[in-house]
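S.K.: pasted the sequence and its predicted model underneath.
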Amino acid sequence: MIDIVIDITLLAFLAITSVAIVRMTNLFAIVMLFGIFSLLSAGLFVVMDAPDVAFTEAAVGAGISTVLMLATLALVKRPQKPYYGEAPQSHRAWLPLIVVAVTGSALVYGTWDIPGFGAPDAPAQSHVARYYIENTMQETGVPNIVTAVLASYRGFDTLGEVTVIFTAAVAVLLLIGGKRSKPAVKTNKKGEQDEA
Amino acid sequence: MRPDLILHVIAKFVIPLIILYALYVQFHGDFGPGGGFQAGVIFSAAFILYSLVFGLDTAEKIIPSHWLRILAALGVVIYAGVGVASLLLGGNYLDYTLLGSNQIAGQHLGILLVELGVGITVAAAMLILFFAFAGRGRD
């Protein structure tokens, strides 16, 4: 019972936050609301008994990405007025409304076939999950099955994830890392080389 | 009195707690929620807080950016190295069973080392991202 109340409250807050994000024009406030959105999602994950996922969502979604978006915001220094303020209205308002309504109802229709939350005959429970739950303690001695699956049973997968994070850092370094090149300094160096 | 005195004092008080919590999440991930990924992010959050409060240049004096590049690569090397070690001991790649005296000990050691590699890479990568973005602002 209390779970349902918490679920409804969190989902209502999520909906309110999304509407506020859509309607706002102040980019700083929108970044803050994104952080709140992630924190609310983390709360939902906790209610669904997934503390590891909630942990990641709170740390990455609400923490790091908010900081990175703030850093980006400080770089671009865009005025807070929306740039689309004077854009010509090339389409009528009902067209996107129809697209959203059709897509939304298709998604809702799709949820009818999803097995109930925690249903024992759900595909997620009936394949390898049963093996992990029964054998993790004997095979690895690690009480947290999530850690055992991530680091041991699917260690190769996680190695790929770590490589992805490393690649992301390398890519950012290649794109915007290091000092900004100054044209004046460059021409000076060229001149020196020419003289040499 | 400097206008940001309260910020400085609170940050100095909070940052050690954040680092301690990151270490707890890192090494207690076998038993409770958490693990290398979350611990790395929390660890980097401590340094991001430091650089937000005390300035980017001061933070880069503590962790120079060339260290971060080495650390980001080191984490992947630790992870892949555990796999190579288990290969050399006669097992499959990333099969930790042969790392210890029995299966449980081997799995424990393997998971600990692998999570350490994940934590180091994630923390260094997050700091690289933050320094790259925040460092663009100054000329």
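M.R.: Happy to help now that I have it. Because the structure is predicted, anything quoted here is derived from the model rather than measured.
S.K.: how close does B:Asp4 sit to chain A?
M.R.: 17 Å (C-beta to the nearest C-beta, to the nearest Å). For glycine as for every other residue, the C-beta is placed from the backbone atoms N, C-alpha and C.
S.K.: so that residue is in contact with B:Phe54, correct?
M.R.: No. Using C-beta atoms under 8 Å, B:Asp4 makes no contact with B:Phe54, being 9.5 Å away.
S.K.: who has more neighbours, the two?
M.R.: B:Phe54 (18 against 11; other C-beta atoms under 10 Å in any protein chain shown).
S.K.: report pLDDT for that one.
M.R.: In this model, B:Phe54 is scored at 88, pLDDT.
S.K.: check B:Phe131 too.
M.R.: You'll see B:Phe131 listed with a pLDDT of 89.
S.K.: and for it, the neighbour number?
M.R.: 23.
S.K.: ok, the longest helix seen in chain B near chain A or not?
M.R.: For chain B, the helix with the greatest residue count under DSSP state H is helix B:103-135. Yes. Residues of helix B:103-135 contacting chain A under C-beta under 8 Å from any C-beta of the partner chain: B:103-104, B:107-108, B:110-111, B:114-115, B:117-118, B:121-122, B:124-126, B:128-130, B:132-134.
S.K.: what packs against that helix?
M.R.: Helix B:103-135 sits against helix A:65-76, helix A:129-140, helix A:145-148, helix A:155-176, helix B:5-27, helix B:36-54, helix B:56-62, helix B:65-88, with contacts defined as 3 or more C-beta pairs under 8 Å, 6 or more residues apart in numbering or on different chains; DSSP states H and E.
S.K.: tell me the most buried of these?
M.R.: helix B:36-54 (a mean of 23; mean count of other C-beta atoms under 10 Å in any protein chain shown).
S.K.: quick check: angle from it to helix B:103-135?
M.R.: Helix B:36-54 and helix B:103-135 meet at an angle of 30 degrees, taking axes from the mean of the first three to the mean of the last three C-alpha atoms, to 10 degrees as the criterion.
S.K.: can you dump the C-alpha atoms of helix B:36-54 in PDB for me?
M.R.: Taking C-alpha atoms only, helix B:36-54 is exported to PDB below (Å, rounded to 0.1, in the frame of the first residue of the first chain):
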ATOM      1  CA  GLY B  36      33.700   0.300  -8.700                       C
ATOM      2  CA  PHE B  37      31.600   2.400 -11.000                       C
ATOM      3  CA  GLN B  38      29.600   4.200  -8.300                       C
ATOM      4  CA  ALA B  39      32.700   4.600  -6.100                       C
ATOM      5  CA  GLY B  40      34.700   6.100  -8.900                       C
ATOM      6  CA  VAL B  41      32.000   8.700  -9.600                       C
ATOM      7  CA  ILE B  42      31.700   9.600  -5.900                       C
ATOM      8  CA  PHE B  43      35.500   9.800  -5.600                       C
ATOM      9  CA  SER B  44      35.600  12.200  -8.600                       C
ATOM     10  CA  ALA B  45      32.800  14.200  -7.100                       C
ATOM     11  CA  ALA B  46      35.000  15.100  -4.100                       C
ATOM     12  CA  PHE B  47      37.700  16.500  -6.400                       C
ATOM     13  CA  ILE B  48      35.100  18.300  -8.500                       C
ATOM     14  CA  LEU B  49      33.700  19.900  -5.300                       C
ATOM     15  CA  TYR B  50      37.200  20.900  -4.400                       C
ATOM     16  CA  SER B  51      37.900  22.500  -7.800                       C
ATOM     17  CA  LEU B  52      34.500  24.300  -7.700                       C
ATOM     18  CA  VAL B  53      35.200  25.800  -4.300                       C
ATOM     19  CA  PHE B  54      39.000  26.400  -4.500                       C
END
